[in-house]
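**Q** Based on what follows, work out the 3D shape:
(one chain, ligands or ions: 1)
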Amino acid sequence: MKPFVDIHDVTHVYARAEDGLPAVRNLNLKVNEGEFAAIVGPSGCGKSTLMKLATGLQFPREGTVIVDGKEVGAPVKLAGMAFQNPTMLPWRTTLDNILLPLEIVEPHRSRLRRHKAEYVAKAEGLLAQVGLKGQGDKFPWQLSGGMQQRASLCRALIHEPKLLMLDEPFGALDSFTREELWCVMRDLHAAQKVTIILVTHDLREAAFLSDRIFCMSARPGRIVAEREVEFPRPRDLEITYTPEFAALVHELRGHIAQARNAA
Ligand SMILES: Nc1ncnc2c1ncn2[C@@H]1O[C@H](COP(=O)(O)OP(=O)(O)OP(=O)(O)O)[C@@H](O)[C@H]1O
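**A** Below is the predicted model of the structure:
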């Protein structure tokens with residue numbers, strides 16, 4: 001099977017990098033279709049750069065980035081994204097925030113006006129899936145941080161992306177809310193069959209959610225360890241209290257400790 005995301009021997013230097021040092025060097029990573037991959041690594045190792053390269057917001061100086069069989073040469077339309085800060089527009093209702101990508105991404109853009117009811121029904125279906133049934137007419141500032149993050153997951157999925165990129169999406173939440181959202185994410189992945197790349201500092205989060213974990217070295221970032229996660233699905237939060245889970249998190253911690261030094 002051909003990988004869905006194939007980052008091959010990529011080196012990327014930002015035009016404004018003061019020291020001229022690459023953000024990532026000889027970066028190699030393959031993610032299969034439908035897989036849930038997590039990227040972990042020390043601060044500043046290039047995790048967000050990897051996300052930008054995979055979605056065509058930056059282009060590599062060397063190497064290739066292939067998504068869904070095509071070399072990335074422009075922003076990737078089949079991707080959806082969610083970030084640590086939900087960045088909802090305060091003057092739009094939650095529902096209208098969720099519909100926003102449809103105003104930009106074709107073929108939805110041309111269809112939106114005539115098929116509005118169909119899209120609203122879809123947004124409401126997503127809201128129900130993330131536990132926000134009937135909350136679409138609230139403004140973002142009327143929602144808690146966790147609720148806003150749920151809504152931003154709906155916004156990332158409304159155009160049925162084949163690739164979902166999550167950059168620290170639960171980082172700003174308290175640990176209970178975070179664990180609730182892990183379960184939301186687990187269920188969305190099972191229901192939508194989307195390929196997911198999650199960037200996180202949280203090793204428990206990576207171990208609970210993903211099928212495969214990539215550890216990055218300190219800058220210039222490259223993959224120094226790749227680990228399959230074999231816990232059967234569907235996974236329950238109870239697994240996070242098992243010795244096997246603790247052993248995996250411990251192993252990942254070891255890779256990160258080494259990675260902080262290995263450039
Ligand atoms: N636009 C830019 N111009 C110049 N340098 C940049 C730019 N964006 C990122 N960098 C540098 O590239 C390196 C990697 O940054 P990146 O944001 O990808 O790391 P990260 O692993 O996501 O960081 P963190 O874990 O702290 O969020 C850093 O040293 C950063 O300062």
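
**Q** who touches Thr240 in this structure?
**A** 204, 207-208 (Cβ atoms under 8 Å, 6 or more residues apart in numbering). C-betas here are computed from N, CA, C, even on glycine.

**Q** Among those residues, which one lies nearest to the ligand?
**A** Arg204 (16.8 Å; Cβ to the nearest ligand atom).

**Q** and that closest one, what does it touch?
**A** Counting by Cβ under 8 Å, 6+ apart, Arg204 has contacts 240, 245, 249.

**Q** Let's have those in CSV, adding distance to Arg212 and pLDDT.
**A** Shown next, in CSV, are the contacts of Arg204 (distance: Cβ to Cβ, whole Å; pLDDT from 0 to 100):
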residue, distance to Arg212, pLDDT
Thr240, 18, 97
Phe245, 16, 97
Val249, 15, 96
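
**Q** so which strand or helix has Asn28?
**A** Assigned by DSSP states H and E, Asn28 falls within strand 24-31.

**Q** buried sites along that strand?
**A** 24-25, 27, 29-31 (16 or more other Cβ atoms under 10 Å).

**Q** Residue of the stretch 101-250 of the chain nearest the ligand, please.
**A** Nearest residue of the stretch 101-250 of the chain to the ligand, counting by Cβ to the nearest ligand atom: Arg219, 5.0 Å away.

**Q** what's the burial count for that residue?
**A** 21 (other Cβ atoms under 10 Å).

**Q** ok, for the spatially most central residue of the chain, nearest residue in space, not its chain neighbours?
**A** For the chain, Leu166 is the residue whose C-alpha lies nearest the centre (Cα atoms, centre = their mean; 1.8 Å). Distance criterion Cβ to Cβ, 6 or more residues apart in numbering; nearest residue to Leu166, sequence neighbours excluded, is Leu198 at 4.4 Å.

**Q** Tell me the gap between stretch 133-150 and the middle of its chain.
**A** Relative to the mean C-alpha coordinate of its chain, stretch 133-150 is positioned 20 Å out (Cα atoms, centre = their mean, to the nearest Å).

**Q** Could you list the low-pLDDT ranges of the stretch 151-263 of the chain?
**A** When residues are selected by pLDDT under 70, those of the stretch 151-263 of the chain lie in 262-263.

**Q** who in it is up against the ligand?
**A** Residues of the stretch 151-263 of the chain lying close to the ligand (Cβ under 6 Å from any ligand atom) are Arg219.

**Q** All the helices of the stretch 151-263 of the chain, residue numbers only.
**A** If DSSP state H, counting those that start in this stretch is used as the criterion, the helices of the stretch 151-263 of the chain fall at 175-192, 203-209, 243-261.

**Q** Now do the first one: which elements does it pack against?
**A** The one in question is helix 175-192. If contacts are counted by 3 or more Cβ pairs under 8 Å, 6 or more residues apart in numbering; DSSP states H and E, helix 175-192 sits against helix 116-129, helix 145-157, helix 203-209.

**Q** repeat that for 10 Å
**A** Helix 175-192 sits against strand 36-40, helix 116-129, helix 145-157, strand 163-167, strand 195-199, helix 203-209, with contacts defined as 3 or more Cβ pairs under 10 Å, 6 or more residues apart in numbering; DSSP states H and E.

**Q** what's the closest of the ones you listed to Arg233?
**A** Arg233 lies closest to strand 36-40 among the helices and strands packed on helix 175-192, at 9.4 Å (Cβ to Cβ).

**Q** now the closest one against strand 163-167, angle please.
**A** 30 degrees (axes from the mean of the first three to the mean of the last three Cα atoms, to 10 degrees).

**Q** Report the angle between strand 36-40 and helix 243-261.
**A** 50 degrees.

**Q** export strand 36-40 as CSV, just CAs?
**A** Extracted as CSV, the C-alpha positions of strand 36-40 are listed here (Å, rounded to 0.1, in the frame of the first residue of the first chain):
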residue,chain,number,x,y,z
PHE,A,36,-3.9,8.1,13.3
ALA,A,37,-0.3,9.3,13.6
ALA,A,38,1.2,11.4,16.4
ILE,A,39,4.3,13.5,16.3
VAL,A,40,6.1,14.1,19.6
